[in-house]
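1. Predicted structure and sequence below. I'll ask about it afterward.
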Amino acid sequence: MMSKKTLAELANTQSPCDDYDPNSMAVNQARSTIKAYLNPVKEIETLGIRDSLGRILAEDIISPFNVPGHNNSAMDGYAFNSADVQQSGSTTLRITGSAFAGNPLTGSVQKGACIRIMTGAAVPAGVDTVIAQERVSANTDSITFTDTIKPGMNVRLAGEDLSTGQIVLKQGHLMRAADLGLIASLGIPNVKVYRKLRVSFFSTGDELTSLGQTLEAGQIYDSNRYTIFGMLSRLNLDLIDFGVVPDQPEDLRLTFATAAAECDVIITSGGVSVGVADYTKQIMQEMGDIGFWKLAIRPGRPMAFGSISSENHQAVLFGLPGNPVATMVTFYQFVRSALLQLNGANQTEPPIIQAISEAPIRKKPGRTEFQRAILGRNTDGRPTVRLTGSQGAGILRSMSEANCFVILGHEQGNVAAGDWVDIALFDGLL
């Protein structure tokens with residue numbers, strides 16, 4: 001699961017970051033450190049195609065035959081040889097038969113003739129072109145048309161979509177709904193995929209109370225485990241929820257040891273700041289290795305990345321901030337891509353698009369910021385974006401109201417109304 005390089009070696013290749021905190025690491029540097037440290041799982045299992053939805057292919061899917069398997073009509077109409085069309089004026093052709101999808105015409109079409117043909121029907125010998133039925137005048141025995149004809153129009157050629165031996169889906173592809181139908185169309189019932197990652201997660205903090213318990217003075221309900229569970233569930237993993245772990249070193253050591261022995265990845269929230277009761281970093285140093293623990297990012301500066309060892313097994317560790325929005329931002333920016341990489345995916349980064357900012361946004365250079373926002377359109381149909389309001393790291397409502405992040409780069413300054421900004425949509429990611 002891990003790189004041959006140690007985290008210390010990888011981290012030393014990165015430069016300290018910014019004016020906010022010289023010990024923090026830039027977002028792009030943190031991504032590079034994580035990516036260089038991880039190696040995908042190797043274990044493979046074979047599944048029926050329905051069960052492969054959301055899994056990562058462990059081998060290329062190869063087409064065993066041409067798709068389509070024969071020349072066929074792209075629409076309902078009449079098929080004929082384009083050489084029979086008059087160069088000027090109208091063309092009249094005799095109707096000598098019909099062809100249907102799954103019930104082809106046998107034999108060939110003679111000169112000066114045509115056949116009635118339906119969408120998907122095989123195009124018989126002697127025919128190279130189809131005209132739509134709406135473009136002709138037809139009676140019982142013949143058709144007449146005046147359209148200019150392009151040879152081969154409305155005919156789908158054999159192998160036009162896929163040819164025999166062609167790679168249909170590559171190893172590392174994340175299986176989606178359309179892929180199930182594509183593979184089924186090739187007559188392939190089973191595929192090989194990488195095994196699911198085993199991921200454990202828990203929250204830390206004496207102030208946290210689980211749902212169903214009574215809140216005591218100074219306590220709050222644990223929400224981070226539920227957002228983390230929701231984000232992890234989108235990735236089709238084997239999950240273990242260790243609940244809420246108190247801010248006690250022995251409790252944390254025991255939980256880390258158990259999780260590291262059983263899982264590939266450990267995700268925590270809280271306990272990675274610099275408070276006297278924040279023990280995650282200390283225990284990471286005792287039981288494993290640390291790559292970084294502070295980032296030039298807003299929200300989410302106190303985030304730890306490293307590994308924990310237990311019973312001759314090593315697990316990747318992401319120590320996320322305790323503030324609810326910061327938890328989601330750091331998961332989206334670092335954890336999601338890392339989990340996809342570990343599970344063998346060849347596409348791990350979410351797409352970035354651009355939209356016009358409806359209002360000014362204040363921003364100082366020196367860190368990357370992720371503002372919660374709502375994507376819309378102006379009267380010209382161009383994409384616009386507006387912030388949800390207060391961007392505090394503890395305002396989880398801002399994530400529920402938003403449908404995207406506005407991403408303000410490390411060196412970027414203030415944004416004026418009307419400026420184009422980078423955004424990342426939530427749909428399908430969170």
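-> Ah, there it is.
2. Do me a favour and get the end-to-end distance for stretch 288-308?
-> Terminal residues of stretch 288-308 are spaced 4 Å apart (CA to CA, to the nearest Å).
3. and it, average pLDDT?
-> Averaging pLDDT along stretch 288-308 gives 90.
4. How about stretch 32-41?
-> 94.
5. Just give me how far that stretch sits from the chain centre.
-> Counting by CA atoms, centre = their mean, to the nearest Å, stretch 32-41 is centred 18 Å from the centre of its parent chain.
6. cool, stretch 279-295 as well?
-> For stretch 279-295, the distance to the chain centre is 29 Å (CA atoms, centre = their mean).
7. Show me which helix runs longest in this structure.
-> helix 249-262 (DSSP state H).
8. Need the residues that contact the next helix-or-strand element following it.
-> Once helix 249-262 ends, the next helix or strand along the chain (criterion: DSSP states H and E) is strand 265-269. With contacts defined as CB atoms under 8 Å, 6 or more residues apart in numbering, strand 265-269 is touched by 197-204, 224-225, 228, 232, 256, 259-260, 280, 308, 315-322, 327, 331, 335, 338-339, 342. (Each C-beta comes from the backbone N, C-alpha and C, glycine too.)
9. redo that, cut-off 6 Å
-> 199-204, 224, 259, 315-320, 322, 327 (CB atoms under 6 Å, 6 or more residues apart in numbering).
10. Let's see which of those residues end up in strands.
-> Mapping the contacts of strand 265-269 onto strands (DSSP state E) picks out 199, 200, 201, 202, 203, 204, 315, 316, 317, 318, 319, 320.
11. Help me confirm that the third one comes into contact with residue 226.
-> Spelled out, that is residue 201. No. Using CB atoms under 6 Å, residue 201 makes no contact with residue 226, being 10.5 Å away.
12. Between these two, which is the more surrounded one?
-> residue 201 (25 against 14; other CB atoms under 10 Å).
13. Let me see the contact set for the more buried one.
-> Each residue near residue 201 by CB under 6 Å, 6+ apart is listed here: 228, 267.
14. switch to 10 Å and redo it
-> Residue 201 is in contact with 224-225, 228-229, 231-232, 239-243, 259, 263, 265-269, 318, 320, 335, counting by CB atoms under 10 Å, 6 or more residues apart in numbering.
15. Mind giving me the ChimeraX command for buried ones among these?
-> Here is the ChimeraX command that picks out the buried ones among those, judged by 16 or more other CB atoms under 10 Å:
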select :224,225,228,231,232,239,242,259,263,265,266,267,268,269,318,320,335
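16. so what's in contact with residue 201 and residue 226 at the same time?
-> residue 241.
17. Tell me, how many residues neighbour residue 84?
-> 18.
18. how close does it get to residue 113?
-> According to CB to CB, to the nearest Å, residue 84 stands 8 Å off from residue 113.
19. Ok, residue 244 next?
-> From residue 244 over to residue 113 (counting by CB to CB), the distance is 79 Å.
20. what's the answer for residue 154, then?
-> Taking CB to CB, one finds residue 154 at 18 Å from residue 113.
21. what about the helices in this protein?
-> 7-12, 27-37, 177-184, 224-233, 249-262, 280-287, 324-330, 336-342, 397-401.
22. Go through the ones you listed and name the closest to residue 79.
-> Counting by CB to CB, residue 79 lies closest to helix 177-184 out of these; the figure is 27.5 Å.
23. re earlier: anything in contact with each of residue 84 and residue 113?
-> 93, 126.
24. sorry, back to before: what's the closest of the helices of the chain to residue 351?
-> Going by CB to CB, the one of these nearest residue 351 is helix 336-342, 12.4 Å.
25. What is the closest one packed up against?
-> helix 27-37, helix 224-233, strand 265-269, strand 313-320 (3 or more CB pairs under 10 Å, 6 or more residues apart in numbering; DSSP states H and E).
26. quick one, which of those is nearest to residue 366?
-> Here helix 27-37 is closest among the helices and strands packed on helix 336-342 (CB to CB), at 11.6 Å.
27. what helices or strands is the closest one leaning on?
-> Packing contacts for helix 27-37, counted by 3+ CB pairs under 10 Å, 6+ apart, involve helix 7-12, strand 288-292, strand 304-310, strand 313-320, helix 336-342, strand 368-377.
28. what comes up buried for stretch 158-166?
-> Buried residues in stretch 158-166, counted by 16+ other CB under 10 Å: 158, 159, 162.
29. just those residues now: which is nearest residue 23?
-> residue 162 (53.2 Å).
30. Read off the pLDDT value for the closest one.
-> For residue 162, the predicted pLDDT is 91.
31. can you map out the strands along the stretch 51-200 of the chain?
-> Taking DSSP state E, counting those that start in this stretch as the criterion, the stretch 51-200 of the chain contains strands spanning 61-62, 72-73, 77-80, 91-99, 113-117, 129-132, 137-138, 142-145, 155-156, 167-169, 190-194, 198-204.
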